[in-house]
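1. structure for this input, please:
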Amino acid sequence: MKITFKVPGKIRGKQRPRVTKFCTFTPQQTIQYENWVKLCYRNITKSKLIGYIKAHLHIQHAIPKSTSKKNREKMLCGALRPDKKPDIDNVAKIILDSLNGIAYDDDKQVVELTVKKTYGEEEYVNVTVEEINTFRIGE
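-> From the prediction side, this is the model:
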């Protein structure tokens, strides 16, 4: 089974937990974005993948309005790529953690991951998760 869905809007990376002398807590922005990812997934399907999983994330940043026409063309053809925050690994972390329990039992099932960042007209993350083998040792 292969599932593809889009997470529109401002792209967020997984933030570090905040530690106080009384407790440890997850920042509100992280919680909100994880819930947004879950909602986007559930709007497409309620199915859960089993076995090993391959994930592909396409992170598209919006071209800044102040960009010159020359640089805009370079961005659209891929000659200029976004090297800005959030870091690519933090985006992957928040997306995969968000899908725990709804797209698969645990993100440890993800054994292949590809992530790329590009520029485009709108900002979003396109997510594809796919079963690559339902056989697991011990079953």
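2. measure stretch 35-55 end to end?
-> Using C-alpha to C-alpha, to the nearest Å, the span of stretch 35-55 from its first residue to its last is 19 Å.
3. can you give me the buried ones in it?
-> Residues of stretch 35-55 classed as buried by neighbour count (16 or more other C-beta atoms under 10 Å): Trp36, Val37, Lys38, Cys40, Tyr41, Leu49, Tyr52, Ile53, Lys54, Ala55. Every C-beta, even on glycine, is put in place using the N, C-alpha and C of the backbone.
4. quick one: contacts of the helix or strand harbouring the fifth one?
-> Okay, so that is Tyr41. In this structure, Tyr41 sits in helix 28-44 according to DSSP states H and E. Identification of contacts with helix 28-44 by C-beta atoms under 8 Å, 6 or more residues apart in numbering yields 3-9, 12, 14-15, 94-95, 97-99, 102-103, 127.
5. do stretch 4-23 as well
-> Under the contact criterion C-beta under 8 Å, 6+ apart, stretch 4-23 has outside partners 24-27, 29-30, 33, 36-37, 40-41, 43-45, 59, 61, 85-87, 90-91, 93-95, 97, 122-128.
6. ok, of these, which come out buried?
-> Using 16+ other C-beta under 10 Å as the burial test, the contacts of stretch 4-23 include 30, 33, 36-37, 40-41, 59, 61, 86, 90-91, 93-95, 123-125, 127 as buried.
7. I figured Ile88 was touching Thr114, is that so?
-> No. Using C-beta atoms under 8 Å as the test, Ile88 is too far from Thr114 to be in contact (10.7 Å).
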